[in-house]
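Novice: can you look at this prediction? I've put the sequence above it.
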Amino acid sequence: MRQIKTLLIILFVGFLAASAHAQLCPGSHLTYFVRDAKGKLMNANSTRLSFTGSGKGTYAEWEISDHTTRYRTSGLKMPTKLGTFLKTGKMLATGGMCNFGGEASTLKLTLRGKTMELTFKYPSVRDTRSGNFAVDSLPFHEGKYEIDLSKATDAAGFEDYGGFFAATLWKKVP
């Protein structure tokens, strides 16, 4: 009987240690602000807009996000207009536990029959560091674009990576 109690205590302590390790990583998140063809911020839940994601793992899954998940952008330095939109608007978001691991994901947006394909190139970090990213959109134009998120815009607040990425950082790709 004593051996069973000892075994149970060891298993319980092991479970607590594993749970504590899992809590080291709050997760990495990316919030994407959608703009129409004129460059005006628009709600991602608009019936005129459809979207699909692709890539590896959880970072290929995109969802509509609102002010209830704004903790993901808390503390990021971004233009006032985006901060205001964040309080009432709908954005697109992806995220998961720990870090992005250097994988890229693609987001295809279709608006009024035109498709814009966006590739997000994530930093390659393989430990428990996490970061939050807020990415502004170009005005909606058909074509393929990519953005490199591997260089921090606000390293002081987010270790080696993360921050706000302006629309000017998007590059058109063939």
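Specialist: Good, I have the coordinates.
Novice: where along the protein do the helices fall?
Specialist: Along the chain, counting by DSSP state H, helices occupy 2-22, 80-88.
Novice: just name the shakiest helix or strand of this protein by mean pLDDT.
Specialist: helix 2-22 (a mean of 47; mean pLDDT, DSSP states H and E).
Novice: just the strands in this structure please.
Specialist: In the chain, the segments counted as strands under DSSP state E are 28-32, 49-55, 63-65, 91-96, 104-111, 114-121, 132-135, 143-148, 163-165, 171-173.
Novice: just checking, what packs against the last one?
Specialist: If you count contacts as 3 or more Cβ pairs under 8 Å, 6 or more residues apart in numbering; DSSP states H and E, strand 171-173 packs onto strand 143-148. From N, CA and C alone the C-beta is placed, and that goes for glycine too.
Novice: mean confidence for the strand it packs on?
Specialist: For strand 143-148, mean pLDDT is 95.
Novice: that strand: which residues count as buried?
Specialist: Buried residues in strand 143-148, counted by 16 or more other Cβ atoms under 10 Å: Y145, E146, I147.
Novice: would you agree the first one is in contact with K171?
Specialist: Right, the one you point to is Y145. Yes - assessed by Cβ atoms under 8 Å, Y145 is found in contact with K171 at 6.5 Å.
Novice: one step back: select, out of the strands of the chain, the one closest to K77.
Specialist: strand 163-165 (5.9 Å; Cβ to Cβ).
Novice: from M78, how far out is A93?
Specialist: Distance from A93 to M78, counting by Cβ to Cβ, to the nearest Å: 15 Å.
Novice: mind listing what's buried in stretch 32-44?
Specialist: Buried, per 16+ other Cβ under 10 Å, within stretch 32-44: Y32, F33, V34, R35, D36, L41, M42, N43, A44.
Novice: all set now, cheers.
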